[in-house]
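*Asks:* For reference, the sequence and a predicted model appear below.
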Amino acid sequence: MFIRGEIPVWKHMGRAVLFVAPLFLFLLPNELMREENSICLFRNLTGNTCYGCGLTHALAALLHLKLQEAWEYNHLVMVVAPGLAYIWMRNMHQLTNSWFRKSSD
């Protein structure tokens, strides 16, 4: 299914999710992010942490400008966060360009 024969609807839905995801992480209470329950399959099966464990907590702490807390959750946040920010900004740029392009047609 396409919108105006150009862009598939699923791409717009994916970009909408990307648009809302940082806001969702920002609005989550810090107490919820500090719980010890993990959704990591590797950690739940082996009891050991993987390289990605704590990354969601770290990104949420970073969005709240708690740099030390983000670093303590996972050191990779300083590598992953700029990459995610770039991807987010690029997708938002493409999304807004498609909105303005369609409105000017």
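*Replies:* Okay, I see it.
*Asks:* Isn't residue 59 up against residue 82?
*Replies:* No. With contact defined as CB atoms under 8 Å, residue 59 does not count as touching residue 82 (11.5 Å). Quick note: C-beta positions are derived from backbone N, CA and C, even for glycine.
*Asks:* These two: who's more crowded?
*Replies:* Neighbours per residue (other CB atoms under 10 Å) separate residue 59 from residue 82, with residue 59 holding more: 22 against 10.
*Asks:* that's a strand at that one, yeah?
*Replies:* No. Counting by DSSP: H, G, I helix; E, B strand; the rest coil, residue 59 is not part of a strand but helix.
*Asks:* Distance-wise, check it relative to residue 49.
*Replies:* Counting by CB to CB, to the nearest Å, the separation of residue 59 from residue 49 is 16 Å.
*Asks:* so where's this protein uncertain?
*Replies:* Scanning the chain with the threshold set as pLDDT under 70 gives 1-12, 30-38, 99-105.
*Asks:* And the strand or helix carrying residue 68, what does it pack against?
*Replies:* Using DSSP states H and E, residue 68 sits within helix 67-73. With contacts taken as 3 or more CB pairs under 8 Å, 6 or more residues apart in numbering; DSSP states H and E, helix 67-73 sits against helix 55-63, helix 77-104.
*Asks:* Nearest to residue 69 among the ones you listed would be which one?
*Replies:* Closest to residue 69 of these, according to CB to CB: helix 55-63, at 4.2 Å.
*Asks:* Give me the distance from that closest one to the chain's centre.
*Replies:* Its chain's C-alpha centre and that of helix 55-63 lie 9 Å apart, by CA atoms, centre = their mean, to the nearest Å.
*Asks:* now it against helix 77-104, angle please.
*Replies:* Angle, helix 55-63 to helix 77-104, by axes from the mean of the first three to the mean of the last three CA atoms, to 10 degrees: 70 degrees.
*Asks:* got the CA positions of helix 55-63 in PDB?
*Replies:* What follows is helix 55-63, C-alpha atoms only, in PDB (Å, rounded to 0.1, in the frame of the first residue of the first chain):
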ATOM      1  CA  LEU A  55      22.000   0.400  27.000                       C
ATOM      2  CA  THR A  56      18.300   1.400  27.100                       C
ATOM      3  CA  HIS A  57      18.800   2.500  30.700                       C
ATOM      4  CA  ALA A  58      21.800   4.400  29.700                       C
ATOM      5  CA  LEU A  59      20.100   6.200  26.800                       C
ATOM      6  CA  ALA A  60      17.200   7.100  29.100                       C
ATOM      7  CA  ALA A  61      19.600   8.600  31.600                       C
ATOM      8  CA  LEU A  62      21.400  10.400  28.800                       C
ATOM      9  CA  LEU A  63      18.100  12.000  27.700                       C
END
